[in-house]
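> sharing a model that was predicted from the sequence below.
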Amino acid sequence: DRNIDFTRCHFEDIIKSRRTDLDLSQYPDMKALEEHAMWSCGSLFQLVLESGGIKTDERNNVQHQIAKRLGVCHGLTNALRTSIPVLSTTGKLVLPRDLCVKHGVSSPRYLLSALGMGDEECKRAMKNVVADIVSVARSNLDEARSLQKQSPSALKDGTKSMNSVFLPALASETFLDRLEEHEFDLTDRNLRNVSTMEHWTCGLKMMLAAYKDTF
């Protein structure tokens, strides 16, 4: 066993994200939702990096920038994945207010009833909001992959690749692909029915990525 000197601010950012989330019924804009994803998932990715010897400093700036971008992608994906269950049980709407206003989505109070009554206009508007969020998630994933080309492949101790830390990004990408296949419809029940073939496909992607030292 060894003692690891973790950077305190990452823990503080995770706590800050949780506290902020408790006080909100809806994020005011896309920037606020991205910040939440970065504080929570991005900070967690950076802590995992530090557990492997990649400290948060100027020498390892690229690795931690990758962690932040992937954290945003992962956080936004999780937000979309759980959005309808969270809305129905807590009344919290994950879709940010600025995008809802832009596309004409009903307020959280009326959204579920509108969807339940089969309001096609409401459903189309929500799909447009979801498509915008998916686009932001994908752009963060693309940026992380671009930064990867500048990043050294080995951890500090040289025993394993740092890129294995980032393999969960492939699971996020798999869900984003499935969401796009279902026309960004979060209410589609088939969206949550993951086939055995998809499980195998995602697993194979992870194994190939690990072998090629990528994500």
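Okay, I see it. Residues are numbered from 1 along each chain as shown.

> make it CA atoms for all contacts and neighbour counts henceforth
Fine.

> and residue 130, what does it touch?
80, 95, 184-185 (C-alpha atoms under 8 Å, 6 or more residues apart in numbering).

> what's the answer for residue 184, then?
127-128, 130-131.

> looking at these, which has the most residues close by?
residue 130 (23 neighbours; other C-alpha atoms under 10 Å).

> list the buried residues of the helix or strand hosting it.
According to DSSP states H and E, residue 130 maps onto helix 120-148. Going by neighbour count (16 or more other C-alpha atoms under 10 Å), the buried part of helix 120-148 is 122-131, 133-134, 136-141, 144-145, 148.

> likewise stretch 174-185?
174-176, 178-180, 182, 184-185.

> what sits closest to residue 35 if chain neighbours are left out?
residue 72 (7.7 Å; C-alpha to C-alpha, 6 or more residues apart in numbering).

> quick one on the thing from earlier: report all helices and strands that the helix or strand following the helix holding residue 130 contacts.
Per DSSP H and E, the first helix or strand lying C-terminal to helix 120-148 is helix 168-181. Applying 3 or more C-alpha pairs under 8 Å, 6 or more residues apart in numbering; DSSP states H and E, one finds that helix 168-181 contacts helix 61-90, helix 120-148, helix 196-212.

> now the end-to-end length of stretch 90-101.
21 Å (C-alpha to C-alpha, to the nearest Å).

> which residues touch it?
24-30, 33, 79-80, 83, 86-87, 106, 108-109, 125-126, 129-130, 132.

> what subset of these is buried?
Buried by 16+ other C-alpha under 10 Å: 26-28, 30, 33, 79-80, 83, 87, 106, 108, 125-126, 129-130, out of the contacts of stretch 90-101.
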